[in-house]
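# sequence plus predicted model, see below.
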Amino acid sequence: MLLLLFPCFISFAQQLPAFLIPPTEFKAFDTPNDAGETVSLTWTTSPSDAPDVFYIIYIDKDKNGTFEKEAIRIKSNTSYRTSVPEIYGYKKGNGDYHYVQINPRKVFNGEALDKRQVYYFKLAMVAGDNKIILDTIAPASPRANWLHTKKINNFVIMIILSAIILYFIVHARRNPDVFLRKIGGLDAVDEALGRATEMGKPVLFVHGLTGMGSISTIAATSILGRIARKIADYDANLKVVNNDPIVMSVSQEVVKESYLEAGRPDAYNPDNVFLVASEQFPYVAAVSGIMTREKPAANFFVGYFYAEALILAETGATTGAIQIAGTDAYTQLPFFITTCDYTLIGEELYAASAYLSREPMLMGTLRAQDVGKGFLIIVLLLGTILASFGFEYITHLFDAF
Amino acid sequence: MPFTSHSFGIILGAGLTLAIYSFLYQDNPAFKIAENLYVGVSLGYTIIITWFNFLKPDLYDPLIVPVFSKAATKEPQYALLIPSLLGIFMLLRFSKSLSWLSRWTFAFVVGLGAGISIPRVISAFILQQIKPSLQPVFSGSETIFSSIDTLLILLGVISVLIYFIFSVEHKGAIGKLSKIGIWFLMISFGASFGYTVMARVSLLIGRIQFLLKDWLGILQ
């Protein structure tokens, strides 16, 4: 009997789209935490969901409109709430709901639209020639949000780290004898400057390629200030090459300040802090030329470098200069390590200015960063142990949206 | 090869390539010519790019044209006067009495840079690094190798973090973990070195192909 009925079952399955089961809970709402570009739509999954069954969402500016404009078409076995944890979190039931985002301005491309326009949506389910349209009309209007509430973890980390930094700055001012471990490259700075003074040759400070918006450039100018101060004391000659006009201007100010601090404003020459070229490889060619012609006694490569790192450091090495590099450019560090006498790796670059100046503010900052790292180590250990036992709460606290 | 502008370009390119490579032997007049030409051309190129990509679309078209042209259809964007003034302050560095105004621009640029960088740095260097490290060591469906992999990553991250702690003396357990951190760093640098050298060799191959194929025609 079953064998006789089996072909009937196959026939029924092939005609399944004729019995499409419509989804429910069709809703539209303004996408939270965006710039007011999109609206979000969600509805339940249907037992009829299959690769050859599609959902179509129609959009209209009028509630009683014709709903002929197709806003989006998706396969019914795709697009779930699980893809947007920033809206629905990590609930187990997220896989039971579909979710899409629609940018109405793109759909009505070229049409003049009011910012407060309310859009109306209808959901249809299609399989081959069969189509069912839900009666529900879901309205929504995209609105811009002032705050991205899901970035609260970023904000909290910033506040906690800022509080720790402030605390340790105050602490370092009261007790300036903060221990700092030896950093080889920085101990060599005095040696390099002393050598330049004895030889009567210049010290060349080479900036990286990034502008003042880059943290490595800010750290580089801070180190430049310390080096310039020592050079002013030693009465040596400092040359600073730049490839960004703003970095050059900031460097001029920093070097000038250092000479003033050292009580030698007359020794400052603004022409020694100059722009070489604003493009990468002309900068390399020109700096290489300066190195071979002026043969500086010491070269400092500090900042963020790209492909020019090896060429510059190799050229400097052939001139016999003491070379000290400091960069957080991960891909260029190997080249500096192989061609320079000392290399400040990654965060050592940021620690350098504190190490050189021993200023309470910088020392306090450094101490606070160490506390921050200790905190992260604890989080890593605790989070991994908890995640191993199925508790992923700490893991989700570090979501970056 | 007939002498056309294209062939002249190839000869010039080949000549400049050889002039730049001549630096491998020592500094010489050919390299100096190529170097100065390179710097000069890049400066000219930068000026054109600055005008067409920044000044014209961001200042001249939305502010200067609507103010001075009667045929302009758009209202002038007066808000652009603020960044324009900040830009002019930069140029005041040439004036001894007014150069102090340029510090306003620097303060703005540095402050803006730091303000934009802080949330990005927290996101890129803390959140996006920590979350993938918080993996379960065992979850039942994993093999022993994936558990070892997770543990190695955890050890690597923690030991490297300890290496970058500056205010604690690297002695005892901290010292040992810090040494492990250095090993992890050096292994990753070695891998990065090899990868980049391969990329550089491919650049050299490109240049040699240009010389042998486009210029000399030896390669077909």
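Now that the structure is in, tell me what you want to look at. Numbering: from 1, shown residues only, chains lettered A, B, ... in the order given.

# which element follows the helix or strand of chain A with the lowest mean pLDDT toward the C-terminus?
Least confident helix or strand, chain A: helix A:2-14 with a mean of 44, by mean pLDDT, DSSP states H and E. The helix or strand immediately downstream of helix A:2-14 is strand A:27-30, counting by DSSP states H and E.

# chain B: helices as residue ranges?
B:5-21, B:29-49, B:65-68, B:81-91, B:102-121, B:128-133, B:144-163, B:172-209 (DSSP state H).

# mind checking which of these is nearest residue A:20?
With CB to CB, the closest approach to residue A:20 among the helices of chain B belongs to helix B:128-133: 39.9 Å. (Each C-beta comes from the backbone N, C-alpha and C, glycine too.)

# now for the closest one, which elements pack on it?
Judged by 3 or more CB pairs under 8 Å, 6 or more residues apart in numbering or on different chains; DSSP states H and E, helix B:128-133 is in contact with helix A:360-388, helix B:144-163.

# number of residues surrounding residue 130?
Assuming you mean chain A. 15 (other CB atoms under 10 Å in any protein chain shown).

# ah, I was thinking of chain B
By other CB under 10 Å, neighbour count at residue B:130 equals 20.

# isn't it right up against residue A:377?
No. Counting by CB atoms under 8 Å, residue B:130 does not reach residue A:377; the two are 10.5 Å apart.

# tell me the most buried of the helices and strands packed on helix B:128-133?
helix A:360-388 (a mean of 19; mean count of other CB atoms under 10 Å in any protein chain shown).

# just to revisit the earlier point, can you say which of the helices and strands packed on helix B:128-133 is nearest to residue B:18?
helix B:144-163 (44.1 Å).

# for the closest residue to residue B:23 other than its chain neighbours, give its distance to residue B:11.
Excluding the flanking residues, the one nearest residue B:23 by CB to CB, 6 or more residues apart in numbering or on different chains is residue B:31, at 4.6 Å. Distance check for residue B:31 against residue B:11: by CB to CB, to the nearest Å, it reads 18 Å.

# ditto for residue A:253
46 Å.

# looking at those two, which has the bigger crowd around it?
More crowded of residue A:253 and residue B:11, by other CB under 10 Å: residue A:253, with 19 against 14.

# wait, that one touches residue B:110, no?
No. Assessed by CB under 8 Å, residue A:253 is found out of contact with residue B:110, at 10.7 Å.

# and the strands in the stretch 1-150 of chain A?
A:27-30, A:39-44, A:54-60, A:69-75, A:97-102, A:119-127, A:130-133, A:138-140 (DSSP state E, counting those that start in this stretch).

# how about the nearest residue to residue B:154, chain neighbours excluded?
Residue B:154 sits nearest to residue A:384 (CB to CB, 6+ apart), 5.8 Å away.

# and stretch A:245-256, average pLDDT?
Confidence over stretch A:245-256, taken as the mean pLDDT, stands at 92.

# ah, wrong one, I meant stretch A:361-373
91.

# and that stretch, how far from the chain's centre?
Mean-position distance between stretch A:361-373 and its chain equals 22 Å (CA atoms, centre = their mean, to the nearest Å).

# before we move on, back to that, tabulate the strands of the stretch 1-150 of chain A (CSV), appending mean pLDDT and distance to chain B.
Formatted as CSV, these follow (pLDDT from 0 to 100; distance: least, CB to the nearest CB, whole Å):
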stretch, mean pLDDT, distance to chain B
strand A:27-30, 96, 23
strand A:39-44, 97, 23
strand A:54-60, 96, 30
strand A:69-75, 95, 27
strand A:97-102, 97, 21
strand A:119-127, 95, 28
strand A:130-133, 92, 39
strand A:138-140, 96, 29
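
# care to break chain B down by domain?
B:1-76, B:85-134, B:140-220 (automatic domain parsing).

# map the structural domains onto the sequence of chain A.
Split by automatic domain parsing, chain A gives A:19-140, A:177-357.

# pick the most buried one from those domains.
Note that of the domains of chain A, domain A:177-357 is the most buried (mean count of other CB under 10 Å), with a mean of 20.

# pLDDT weak spots in chain B?
For chain B, the stretches with pLDDT under 70 are B:1, B:139-142.
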